[in-house]
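Enquirer: any chance you could fold what I've pasted below:
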Amino acid sequence: DLEVTVPRVIIFRDAIIDLLTMELGPRFTSKASLGFLALLNYTGGAYIYIRREYAVRIKIINKSWRTANNKTADFITEAEGEEGEAKEGGGAGEGAAEEAAQEKHGEAAKTDRTEGARASGEARNKNSNNMKVPTTFNEMFMFNGAVMGFGQSAWMNIILDQFDDIVMNVANSYRLQEECDVCSLVMAKYRGTINLSEFKAVMLA
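Expert: Take a look at the predicted model:
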């Protein structure tokens, strides 16, 4: 979690060597000093390599998770929803005006056909609204769970509730450990049977 650079590695390495030299005195031989220098150089280089190489992978995980949960499109979706409601309201007003005109001219038969068509259209709209396509990770997970017969496994919701915090803090090892501990504590209070292999199967389906 700390930024590790070459100058900082050198400072830390020299401080450790000086401390050992001061504490051990003659017992800290030149071979021991060279050994510790090599060990600390290797450790610092490993930290630098891991931070440089895995930073790209962590960014990919965060970006993919945001895409899977539509977090970047929340504002656009809300704006489109408001425009859709405005259009529907305008369409309803026009329909009411047409009905009033038809009643005024005494076209009862045409009015009945229009109302019937409208009723059938509303029924189709309700059916299409009920058939909601999963658009987020949680929705797709619950859909897969229901298809695979795990819809009654309420413990999976416990993990799903913590999954977002776990993924978004994957770069912070301390926060990641805290989120995992919280998830473990909540699951420990669950009274039913927990089979984590089922969660893995649904997640990868």
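Enquirer: show me the contacts for residue 205.
Expert: By C-beta atoms under 8 Å, 6 or more residues apart in numbering, the residues touching residue 205 are 144, 147, 148. Every C-beta, even on glycine, is put in place using the N, C-alpha and C of the backbone.
Enquirer: now find how far off-centre the longest helix along the chain is within its chain.
Expert: Counting residues, the longest helix found in the chain (DSSP state H) is helix 30-68. Offset of helix 30-68 from its chain centre (C-alpha atoms, centre = their mean, to the nearest Å): 25 Å.
Enquirer: pLDDT weak spots in the protein?
Expert: 1, 72-131 (pLDDT under 70).
Enquirer: re earlier: and the contacts of residue 205, which of them are in helices?
Expert: 144, 147.
Enquirer: and which of the contacts of residue 205 is nearest to residue 23?
Expert: residue 144 (59.5 Å; C-beta to C-beta).
Enquirer: and the gap between the closest one and residue 37?
Expert: 54 Å (C-beta to C-beta, to the nearest Å).
Enquirer: okay, the two: which has more neighbours?
Expert: residue 144 (17 against 14; other C-beta atoms under 10 Å).
Enquirer: once you drop chain neighbours, what's closest to that one?
Expert: Among residues not flanking residue 144 along the chain, residue 205 sits closest, at 4.4 Å (C-beta to C-beta, 6 or more residues apart in numbering).
Enquirer: okay, and the residue lying closest to residue 134 once chain neighbours are set aside sits in which element?
Expert: Excluding the flanking residues, the one nearest residue 134 by C-beta to C-beta, 6+ apart is residue 140, at 4.1 Å. Using DSSP states H and E, residue 140 falls within helix 137-147.
Enquirer: where along this structure do the helices fall?
Expert: Counting by DSSP H, the helices of the chain are 6-24, 30-68, 74-104, 108-130, 137-147, 155-168, 173-188, 196-203.
Enquirer: and the second one, what other elements does it pack with?
Expert: With contacts taken as 3 or more C-beta pairs under 8 Å, 6 or more residues apart in numbering; DSSP states H and E, helix 30-68 sits against helix 6-24, helix 155-168.
Enquirer: buried residues of the longest one, list them for me.
Expert: Buried residues in helix 6-24, counting neighbours by 16 or more other C-beta atoms under 10 Å, are found at 9, 13, 17.
Enquirer: return the list of helices and strands in contact with that helix.
Expert: Using 3+ C-beta pairs under 8 Å, 6+ apart: helix 6-24 touches helix 30-68.
Enquirer: residue 202 contacts residue 155, correct?
Expert: No. Look at residue 202 against residue 155 with C-beta atoms under 8 Å: they stay out of range, at 12.0 Å.
Enquirer: before we move on, back to that, report the buried residues of the helix holding residue 140.
Expert: For helix 137-147, by 16+ other C-beta under 10 Å, it's 137, 138, 140, 141, 142, 143, 144, 145.
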